[in-house]
Structures are given as C-alpha cells and as structure tokens.
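> could you look at this predicted model? Sequence included:
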Amino acid sequence: MRSETEIGKLLNQCEKPTRAHYRILLMSWAGWVFDFYDLILYTFLLIPIGKELDLSPVMLSYVLGTSLAATAVGGVIFGFLSDRYGRKSVLQWTIITYSLGTFLSGFAHNFLMLLAFRIITGFGVGGEWATGQTYIGETFPPKMRGRFGAFMQTGAPVGIALASVVGGFLAPEIGWRACFWISILPALLVVAIRKQLPESDLWKEKERRAHREPGAPRPQGPLRLLLSPRYRTTFILCLVLAVFDMSAYWFTYSWMPRYLYEHLGSSLGKAGIWMLVTQTGGTLGYLSFGIVADWKGRRVAYTIYSLIWAIGLFAVTWFWGALAVYPAMTILFMFLVGLGTGNYSGYGPIFSEIFPTRVRNTAMGAAFNLARGVQFFTPLIITTVAARYGLGGGISLAGFFALITGMWVWTLPETRGTTIGVESAQESREKSVIA
C-alpha cells in the first residue's frame, strides 16, 4: 500500500490547480460542449427534417424522446465501464459514439433510420457527462470543486448556442443533412485526450488497493454495490432530484425553438438569436452557481437558481402577450430562464461528494441519465398539451418542476467542502455489513 506521502500527491489534494487539472477540465468541458450540441441540434432541425421525410410532429417527438431514453442506457453502461476501466478511456469511447451517431443521422431517409441513428447518439451522450464530471470531481481540490464542476457545465449552453448558430443560420444554406455530417469533427478530441490527459489518480489508487489487499475476496461490482442497503436510499433521492430537474429542463427546451419561431412570426434565424440570449444567461448561471455553491452551500444555491428559473418560465409562457409590448422585458425574462438553469452545475459536485470512488461514475451516470431517459415522454406530453393550450402551456409545466427541484434538494446532505478519498475494499465490505 502507498505511503501517506504518496497518497498526499493525489491531484485532489493539491492546494492549487496544476496544468494537469486544467487539461482535464478543458477536455471534459469540450466533450460536454459537443455532447450537448449533438443532442440539441436535432431540435433546431425539426422543421426541415419533418418536411423532407414527411414526419408529423408526433413522430418527430418520438425520435427526440427515444434518443433521450437511449441516454439512460448509455449512462448506465458507460458509468459501469468507467468504474471498471477508468475515466480517460471511457471519455474517449463516449465521444466517438455520439459523434458517429450524429454523423449517420445525416444519411437517414425514413423514420426508422433516423430513429436508429439518434439512439446511437443518445448512447454516447448519456455516458459523457458523468464521466467528465467524475473526472473533475476526483481530481480537483474540495474548496474549488463546485466552481470547476460548474465551469464544465457551461459546456451545455455553449453547445446549445453552437446548435443555434448551425441550426438557425447554417442549415438554411447547407441543409440539415450537412449539419449532421460536419458534427463528426468532435471525434478529433479523442486524439487530444489520449495524448494529453492523465488517468484519474484516485481511480488508479482505488484499483491498487483492491488488488493489494491480501486474501481479500473479489469486491462487489459497481451496480451491485450501488443498490446495496448502504447506498440505495441516497441513490434514489439523487435520482428523484435529477428527474425533477431534468423534466424542468426538457419541458423548457424540447420545443422552445419552435415556440419562439411561432410567437416571433419570423425566421428560424431570429428564434436562434433569442435562444442565444437564453444561453448567455445559462452560461452566466452555470459559472455563478459554482461560486455561490462553494460560498453558501450546494442546497442554498440550488434553491435560489430553481426559483429564478421558474420566474423566467412563467413570464415568457403565461404572460408572453403582455411582455411582447415591452421587448426589453421579454429579453430579460428569457435571460432569467437561462440563468436559472445554472442549477445544473450542482449535479457534478453533489454526486461526486456523496458517492465513493468505487461507484461514483456508475451512480452519477445512472441517476443523471435514467432521469434523462424518463424525458422520453416530455416531447409527447408537450405535443398533447399544446393541442389544447398551445406550446406555451406545455412549456410552462417546466416552471412547476423547477420549483419542486428547489425543494427536493433539501432531502440530500450538504456536501460543501467534502474531501474525496479512496475507500478500501475491506472498508466498503464492513460498511455494507453494518448497513
């Protein structure tokens, strides 16, 4: 077993971030940018795809919902693989998977082909976030974990902004198929990851301890340990939190480009500009959330940003007609919608700090992506509600989920400043017996 001096050299025990930290952060962030870009790009291409392939809104919603459901499967599978084979390797596998799925989507000529290719995209999308957040959680110092985990989360609004530009401005010029084809480029990140990044030393320390304990029986697999009495309840609480927050997010964004398009009575380009306003707020929300979370705690920050989100949503759906008279007010509340989604920055730090190294990626991937998989029903529900109350009525449901999220986070312990260590196989077995 390694000495205390050697253990003290783990990356997450450094006083300040090093070059290795920033390389891990940059590559994890870039992977998340293109992960979310590949997922959300489809929502900007709904109209041209539907026209060319003769697909109804329900069929288009089914494709989106199925791709979200596929992220659940990908999250569980890649989370398990990451706990077994390491963060660095699996981060590469996820990027290759979602890039390939998006590229193939450009060759779809009917509903079933499009569905199959978007499922492949969903598999890869489901695995990247948890692997990247686990990577950061295990390597950054506790007092800075919230803000750097939040920085990685800014990849989501940047990805949406990129999708806004490609879907709103480039698609009319080159066509929706070419938009999918050029999305193979993020796969080049794999080359940089392979050459530039170290493996998580905390994960490697866990592997060393597991293999060096004399006479120790084979440790439980990540999934089995996660569902053991010791972690089961906490995992369920985290899963419910993710379901509420994810519902708020996808009720907001699954049809938001079309909602803006219809209410603005203009081009997709103008709707894209409005989405850029929202994502500017989102970027600032993600960054500021990390600072507030490291300052006042994870739960307080979560509640504040959930409330901001709900206020923005109710304003731009229930009161759009009144706000439209004052364009500046409409822009303000669209900005608040984005700002409130900053609570997404809480997932990585909270989940990293609650679960041990042996199940961390499995727990994060399963909770985050099972919740996203549930969103299979979101586009269908919005389509159904919109038939009677309009798209604004369907999207406004997100506000209620945002409020519930802000309350539910208090069922979890406050984890600000938690030091992440390595739990030995023997300690894990003893705690499981006690539980």
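Noted; the coordinates are in hand.

> how about low-confidence regions in the protein?
1-9, 210-222, 255, 257-258, 261-272, 324, 379, 391, 420-435 (pLDDT under 70).

> for the one residue sitting closest to the centre of it, what are its contacts?
Against the mean C-alpha coordinate of the chain, by C-alpha atoms, centre = their mean, the closest residue is Trp129 at 5.3 Å. Going by C-beta atoms under 8 Å, 6 or more residues apart in numbering, Trp129 touches 32, 35, 75, 365, 368-369. (Glycine included, C-beta is placed from N, CA and C.)

> same deal with Gly281?
Shown in contact with Gly281 (C-beta under 8 Å, 6+ apart): 334-339, 341.

> number of residues surrounding Lys16?
Neighbourhood size, Lys16 [other C-beta atoms under 10 Å]: 7.

> try Phe117
Count around Phe117 with other C-beta under 10 Å applied: 22.

> so it makes contact with His109?
No. Counting by C-beta atoms under 8 Å, Phe117 does not reach His109; the two are 10.9 Å apart.

> quick one: buried residues of stretch 386-403?
386, 390-392, 394-403 (16 or more other C-beta atoms under 10 Å).

> likewise for stretch 286-293?
Judged by neighbour count using 16+ other C-beta under 10 Å, the buried positions of stretch 286-293 are 286-290, 292-293.

> so which of those are in helices?
Among the buried residues of stretch 286-293, the members falling in helices are 286-290, 292-293 (criterion: DSSP state H).

> tabulate those residues in a markdown table, adding columns for distance to Glu207.
As requested, those are exported to a markdown table (distance: C-beta to C-beta, whole Å):
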| residue | distance to Glu207 |
| --- | --- |
| Tyr286 | 32 |
| Leu287 | 34 |
| Ser288 | 37 |
| Phe289 | 33 |
| Gly290 | 29 |
| Val292 | 35 |
| Ala293 | 30 |
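
> from the residues you listed, pick the one nearest Leu46.
The nearest member of those to Leu46, counting by C-beta to C-beta, is Tyr286 at 25.6 Å.

> ok, the closest one - contacts?
150-151, 153-154, 156-157, 341-342, 344-345.

> which of these sits closest to Thr97?
Ala156 (18.5 Å).

> what is the burial count for that closest one?
Neighbour tally, Ala156, other C-beta under 10 Å: 27.

> that one: what's it in contact with?
32, 36, 282, 286, 341, 344.

> and those residues, which two are furthest apart?
Taking C-beta to C-beta as the measure, the contacts of Ala156 span a maximum distance of 14.2 Å, between Trp32 and Thr341.

> out of the two, which sits in the busier spot?
Per other C-beta under 10 Å, whichever of Trp32 and Thr341 has more neighbours is Thr341, with 33 against 24.

> tell me how far that one lies from Thr154.
Look at Thr341 and Thr154: by C-beta to C-beta, to the nearest Å, they are 11 Å apart.

> any common contacting residues for those two?
Contact criterion C-beta under 8 Å, 6+ apart; residues shared by Thr341 and Thr154: 282, 286.

> tell me which stretches of the stretch 51-200 of the chain form helices.
Using DSSP state H, counting those that start in this stretch, the helices of the stretch 51-200 of the chain run over 57-85, 87-105, 111-139, 145-153, 155-165, 171-174, 176-181, 189-196.

> quick one: closest of those to Leu276.
helix 155-165 (5.4 Å).

> now that closest one and helix 111-139, what's the angle there?
Helix 155-165 runs at 150 degrees relative to helix 111-139, counting by axes from the mean of the first three to the mean of the last three C-alpha atoms, to 10 degrees.

> next one: helix 155-165 to chain centre, how far?
Distance of helix 155-165 from its chain centroid, counting by C-alpha atoms, centre = their mean, to the nearest Å, is 13 Å.

> likewise for stretch 49-62?
26 Å.

> buried ones in that stretch, by neighbour count?
Using 16+ other C-beta under 10 Å as the test for burial, stretch 49-62 gives 49, 53, 55, 57, 59-62.

> do stretch 106-124 as well
Buried, per 16+ other C-beta under 10 Å, within stretch 106-124: 106, 108, 111, 114-115, 117-124.

> for the stretch 251-400 of the chain, which segments count as helices?
256-264, 268-296, 298-318, 320-323, 327-340, 347-354, 360-374, 378-408.

> of the ones you listed, which approaches Val165 most closely?
With C-beta to C-beta as the criterion, Val165 lies closest to helix 268-296 of these, at 6.9 Å.

> got the angle for that closest one vs helix 298-318?
Relative orientation of helix 268-296 versus helix 298-318 (the same axes, to 10 degrees): 160 degrees.

> report the inter-axis angle for helix 268-296 versus helix 145-153.
Helix 268-296 runs at 170 degrees relative to helix 145-153, counting by the same axes, to 10 degrees.

> got the angle between helix 268-296 and helix 327-340?
Between the axes of helix 268-296 and helix 327-340, defined by the same axes, to 10 degrees, the angle is 50 degrees.

> now helix 268-296 against helix 347-354, angle please.
In terms of direction (the same axes, to 10 degrees), helix 268-296 departs from helix 347-354 by 30 degrees.

> I'd say Gly417 and Pro142 touch.
Yes. Using C-beta under 8 Å, Gly417 is in contact with Pro142, at 5.4 Å.

> the more surrounded of the two?
Counting neighbours by other C-beta under 10 Å for Gly417 and for Pro142 shows that Pro142 has the greater number, 19 against 12.
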